[in-house]
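Trainee: need a 3D model of the following:
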Amino acid sequence: MPALFPSDWLADAPYEDFDLGVLKAGKESEVYLVSRTGPTRTCLMAEKRFKPRLQRGFRNDYLYAGVWGEGTYREDRAIKKRTRFGQEALQSRWIANEWATLGRLHDAGVTVPPPVEQIENGYRMAFIGDGDQAAPRLADVDLDVVTARRVWRELQRDIQRILDAERVHGDLSAFNVLWWHERPVIIDFSQAVDAVTHPAARELLRRDVERTAAYFRGQGVAIDLEAALALVGDSPARFAHQVLSS
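Mentor: Numbers count the residues shown, from 1 in each chain. The predicted model follows:
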């Protein structure tokens, strides 16, 4: 399958960037539309800016805590105590993990927005949309059953590629997939975890597949969940070092 963007999609230097306004505002971050104009072309980027000292309120926060690399003793202690310094350290790790995951998965051939650059409190990536209109979420799109079967197969392959890159998305569903040019594009890696070291990686993988499958069942696709899990790479041997919680 061809790449989402040509290799020369990004505007060449010297360039000038223009902020075109907010695309999406959330509790933890905002996404802005940025135009970059160089000598030969103009491109559009999505800039994800994380709000300072994020107060993460995930119901299953234990699944994600402490998975973005080891810090100093002072940082780790501050994170556990939820001090201001700890929140800042946690935010820094959170952003770094999401940025690194996007780059790693793009390099692995997963259908994700091409990364551009990291910035203070966030990063830039290719804008997925036409003109200044963002692509819709897959959850907001109705597919005919033939197309739905094809897209389900494509997403299973991408979940497999994510796992082969030793990552699990951690929050995958039709709400974190964009529908663009008849293709599903996976976004939002803020809850991604290491498939090798994280103790709940298998649980999160199974949840990713189950939640994504729910959308396609609603589109008329018959799905054998255990077969789908096997196809993406789930197996007791692969996660032998982990205990799947009930």
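Trainee: from here on, just use CA atoms for contacts and neighbour counts.
Mentor: Will do.
Trainee: the protein: strands as residue ranges?
Mentor: Taking DSSP state E to define them, one finds strands in the chain at 16-25, 29-37, 42-50, 115-119, 122-126, 129-130, 133-134, 167-168, 177-180, 183-186, 193-194.
Trainee: possible to save the ones you listed as TSV with mean pLDDT, mean neighbour count and distance to residue 160?
Mentor: Below are those laid out as TSV (pLDDT from 0 to 100; neighbours: other C-alpha atoms under 10 Å; distance: least, C-alpha to C-alpha, whole Å):
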stretch	mean pLDDT	mean neighbour count	distance to residue 160
strand 16-25	95	13	29
strand 29-37	96	19	28
strand 42-50	96	22	26
strand 115-119	96	15	20
strand 122-126	97	21	23
strand 129-130	96	14	25
strand 133-134	94	14	26
strand 167-168	97	26	9
strand 177-180	98	22	16
strand 183-186	98	21	13
strand 193-194	93	24	14
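Trainee: which one of these lies closest to residue 108?
Mentor: Each of these has some distance to residue 108 by C-alpha to C-alpha; the shortest is strand 167-168, at 10.9 Å.
Trainee: picking that back up, dump the strands of the chain to TSV, plus distance to residue 104.
Mentor: Conversion of the strands of the chain to TSV gives the following (distance: least, C-alpha to C-alpha, whole Å):
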stretch	distance to residue 104
strand 16-25	24
strand 29-37	21
strand 42-50	18
strand 115-119	10
strand 122-126	13
strand 129-130	22
strand 133-134	24
strand 167-168	9
strand 177-180	18
strand 183-186	13
strand 193-194	12
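Trainee: distance of the residue of the chain positioned farthest from its centre relative to residue 151?
Mentor: For the chain, the C-alpha farthest from the mean C-alpha position belongs to residue 39; by C-alpha atoms, centre = their mean, that distance is 31.7 Å. The gap separating residue 39 from residue 151 is 37 Å, by C-alpha to C-alpha, to the nearest Å.
Trainee: and if you look at residue 222?
Mentor: According to C-alpha to C-alpha, residue 222 stands 13 Å off from residue 151.
Trainee: looking at these two, which one has more neighbours?
Mentor: Between residue 222 and residue 151, counted using other C-alpha atoms under 10 Å, residue 151 has the larger neighbour count: 18 against 12.
Trainee: if I pick the more buried one, what's in contact with it?
Mentor: Under the criterion of C-alpha atoms under 8 Å, 6 or more residues apart in numbering, the contact list for residue 151 reads 183-184.
Trainee: per-residue pLDDT of it, please?
Mentor: pLDDT, residue 151: 98.
Trainee: shaky segments in the protein?
Mentor: 53-91, 241-246 (pLDDT under 70).
Trainee: any idea where the helices of this structure begin and end?
Mentor: Secondary structure of the chain by DSSP state H: the helices cover 73-81, 84-107, 145-164, 201-218, 225-232.
Trainee: now distance to residue 182 too, for those helices, in JSON lines please.
Mentor: What follows is these, written out as JSON lines (distance: least, C-alpha to C-alpha, whole Å):
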{"stretch": "helix 73-81", "distance to residue 182": "42"}
{"stretch": "helix 84-107", "distance to residue 182": "19"}
{"stretch": "helix 145-164", "distance to residue 182": "9"}
{"stretch": "helix 201-218", "distance to residue 182": "15"}
{"stretch": "helix 225-232", "distance to residue 182": "22"}
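Trainee: quick one: closest of these to residue 10.
Mentor: From these, taking C-alpha to C-alpha, the stretch that ends up closest is helix 84-107, at 15.2 Å.
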